[in-house]
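S.K.: Predicted coordinates and the sequence they were generated for:
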Amino acid sequence: MIAVVKAATVLGVDGFIVDVEVDLSRGLPGFEIVGLPDVAVRESRQRVRAALKNQGFGFPLQRLTVNLAPGDLKKAGSAFDLAIALGILAANGAIPKERLGNVLVLGELSLDGRVRSVAGVLPMAIAAASVGIEKALVPIDNGKEASLVSGLSTAIIGDLAEAVGVLNGEIEAVAPDVVEFHSKTHTDDENDLSRVRGQMAARRALEIAAAGRHNLLLMGPPGCGKTLLARCLPGILPPLSQEEAIDVARIYSVAEGGLAPLKLTLDRPFRSPHHSSTQAGMIGGGILPRPGEVTLAHRGVLFLDEAGEFGRSVLDVLRQPLEDGVVSLVRHGYSVVYPSECQLIMAANPCPCGFLGSTAKECTCSAHELAAYRRRLSGPLLDRVELQVWMGALDPNDYRKSQESSSAVRERVVRVWKTRKEGNPPKSNTQKVVPIDAYRAELSPGARGMLDRAIERFQLSARAVQKAMQVAYTIALLDESGEICQDHLAEALTYRLSF
Ligand SMILES: [Zn+2]
């Protein structure tokens with residue numbers, strides 16, 4: 001008496017379909033789960049047994065074997081409970097087996113048989129639809145995310161008896177509420193550029209960073225407005241498309257799912273980890289691998305406030321994910337890949353006390369402290385930061401001037417993103433791998449001469465030249481210019497702080 005139920009597991013942020021095969025046979029009563037289950041899956045036995053009894057179905061006094069196939073894929077979490085329970089009921093005839101053939105079943109069971117929400121439902125539902133599964137039974141709180149997947153008709157399930165009733169056609173399936181993606185209106189947002197006083201150079205750098213998805217370092221004394229400016233970045237970026245929003249939601253479904261209903265938003269993620277964060281916290285990992293901050297910031301912004309306080313190794317480990325747009329981790333022989341296409345903003349004081357180069361107060365740091373601080377900050381990561389600006393202390397006059405709001409700046413940024421999408425060469429939204437020659441072709445003759453002189457005078461490395469060209473190209477697009485002129489290149493060359 002074998003029954004098969006479709007369930008799924010998550011590796012990284014991708015779902016994989018798992019066949020839950022349940023076999024009831026004569027012999028001493030027992031309950032075994034095989035097929036690389038982790039601890040949470042093995043504990044499923046106790047939950048399933050209690051849930052079946054408490055919902056009045058009884059537990060078969062037979063030899064019970066559950067196999068999770070494919071056998072070489074590690075199964076984690078508690079999402080198999082409901083599928084195992086329904087498999088047992090199908091194996092002993094309480095549900096016709098054919099009714100389970102094309103249905104994805106996900107959910108944790110409580111001892112009294114209620115169905116609890118689980119993490120990763122969105123990627124698991126995507127995996128189901130991709131192999132032609134047409135129906136899904138999911139916990140109530142996971143209903144919305146599952147219903148995002150087209151081609152999958154989702155029913156939300158409160159307890160085990162309801163699941164049986166729906167499968168047997170005795171109870172009408174309840175569909176989840178219609179999903180709406182929310183988006184903050186940035187007009188009355190506290191992080192609006194109209195609240196930033198002065199700092200014209202840094203505002204300009206922020207706009208260029210947003211237009212070109214460049215990384216940005218804001219350096220200046222405490223209280224000059226670095227943090228507020230950085231927090232304004234998401235508000236001047238174009239909103240996520242529906243497709244991108246689902247891609248981001250998939251990550252949060254894995255990272256935070258099961259705890260609360262998934263927030264579905266078109267706002268780009270903004271992550272601001274504390275400087276005590278560990279390497280695993282930043283790029284992901286741990287015994288049960290979880291996405292790190294670079295992945296939670298996918299398609300959005302990763303903000304490192306007080307960047308000089310982060311551990312050197314923590315900063316260095318960010319370099320590869322930022323460059324490649326993915327994090328690859330190997331855990332227990334499995335390789336896990338997380339997406340990490342995010343934009344980096346760092347804010348830093350110029351020295352440990354914060355007042356180096358300031359006119360308001362004198363720096364009290366020793367030469368040794370200064371050297372150690374700079375060593376920590378400058379490194380392979382800072383090499384990837386295309387825009388570096390100095391923010392001075394505020395001038396009293398700055399408070400009187402009214403400033404452009406985020407929505408006005410966003411209009412220009414959106415225009416540049418559109419131009420780039422429509423394929424103005426060199427084309428690439430991330431601009432990570434465009435060869436220098438592609439930009440050289442875009443230079444006006446005057447700019448070409450200037451570039452050659454700058455390379456000679458400042459001894460620019462190939463990477464530095466490439467960074468300057470990428471920034472100059474973005475500035476040209478903001479300027480609605482068909483080529484990179486001297487002015488654009490000259491401005492781009494100013495966004496370098498010497499360390
Ligand atoms: Zn100092």
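M.R.: Noted; the coordinates are in hand. Numbering: from 1, shown residues only.
S.K.: Partner strands of the one helix or strand Val18 maps to, with direction?
M.R.: Using DSSP states H and E, the element containing Val18 is strand 14-25. Note on strand 14-25: by DSSP bridges, its sheet partners are strand 2-11 (antiparallel), strand 63-69 (antiparallel).
S.K.: What residues of the shortest one count as buried?
M.R.: The one in question is strand 63-69. Buried residues in strand 63-69, counted by 16 or more other CB atoms under 10 Å: Leu64, Thr65, Val66, Asn67, Leu68, Ala69. Heads up, the C-betas are built off the backbone N, CA and C, glycines and all.
S.K.: For the residues you listed, give me JSON lines that also has pLDDT and distance to the ion.
M.R.: As requested, these are exported to JSON lines (pLDDT from 0 to 100; distance: CB to the ion, whole Å):
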{"residue": "Leu64", "pLDDT": "94", "distance to the ion": "69"}
{"residue": "Thr65", "pLDDT": "95", "distance to the ion": "68"}
{"residue": "Val66", "pLDDT": "95", "distance to the ion": "63"}
{"residue": "Asn67", "pLDDT": "96", "distance to the ion": "64"}
{"residue": "Leu68", "pLDDT": "95", "distance to the ion": "58"}
{"residue": "Ala69", "pLDDT": "92", "distance to the ion": "62"}
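S.K.: So which of these is the closest to Arg319?
M.R.: Checking the buried residues of strand 63-69 against Arg319 by CB to CB gives Leu68 as the nearest, at 37.8 Å.
S.K.: Tell me what that closest one is bridged to.
M.R.: The partner residues for Leu68, given DSSP bridges, come to Val20.
S.K.: what does this structure have sitting close to the ion?
M.R.: Cys351, Cys353, Leu356, Cys363, Cys365 (CB under 5 Å from the ion).
S.K.: ok, now how distant is the one residue in the stretch 101-250 of the chain that gets nearest to the ion from Ala348?
M.R.: Using CB to the ion, Pro221 is the residue of the stretch 101-250 of the chain that sits closest to the ion, at 9.3 Å. Distance, Pro221 to Ala348, using CB to CB, to the nearest Å: 11 Å.
S.K.: Start and end of stretch 380-393, how far apart?
M.R.: 28 Å (CA to CA, to the nearest Å).
S.K.: With stretch 221-232 instead?
M.R.: 19 Å.
S.K.: and the residue of the stretch 101-250 of the chain closest to the ion, what pLDDT?
M.R.: Note on Pro221: pLDDT of 90.
S.K.: again, but for Leu36
M.R.: 85.
S.K.: Surely it is in contact with Asn67?
M.R.: No: the pair Leu36 / Asn67 is not scored as a contact, 10.4 Å apart, by CB atoms under 8 Å.
S.K.: what's the burial count for Ala492?
M.R.: Number of residues near Ala492 (other CB atoms under 10 Å) recorded here: 26.
S.K.: so it is in which element?
M.R.: helix 486-494.
S.K.: how is the chain carved up into domains?
M.R.: 2-167, 186-421, 423-499 (automatic domain parsing).
S.K.: which one of those has the most crowded surroundings?
M.R.: Greatest average neighbour count among those goes to domain 2-167 (a mean of 20), per mean count of other CB atoms under 10 Å.
S.K.: so the helix or strand Val327 falls within versus strand 2-11, what angle?
M.R.: In this assignment (DSSP H and E), Val327 forms part of strand 326-331. Interaxial angle of strand 326-331 relative to strand 2-11 (axes from the mean of the first three to the mean of the last three CA atoms, to 10 degrees): 120 degrees.
S.K.: In PDB, list the C-alpha atoms belonging to strand 326-331.
M.R.: This file holds the C-alpha atoms of strand 326-331, laid out as PDB (Å, rounded to 0.1, in the frame of the first residue of the first chain):
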ATOM      1  CA  VAL A 326      25.900  35.900  -6.300                       C
ATOM      2  CA  VAL A 327      27.200  34.200  -3.100                       C
ATOM      3  CA  SER A 328      28.400  30.600  -3.400                       C
ATOM      4  CA  LEU A 329      28.600  28.700  -0.100                       C
ATOM      5  CA  VAL A 330      29.500  25.100   0.400                       C
ATOM      6  CA  ARG A 331      27.900  23.400   3.400                       C
END
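S.K.: With that, I have no additional questions.
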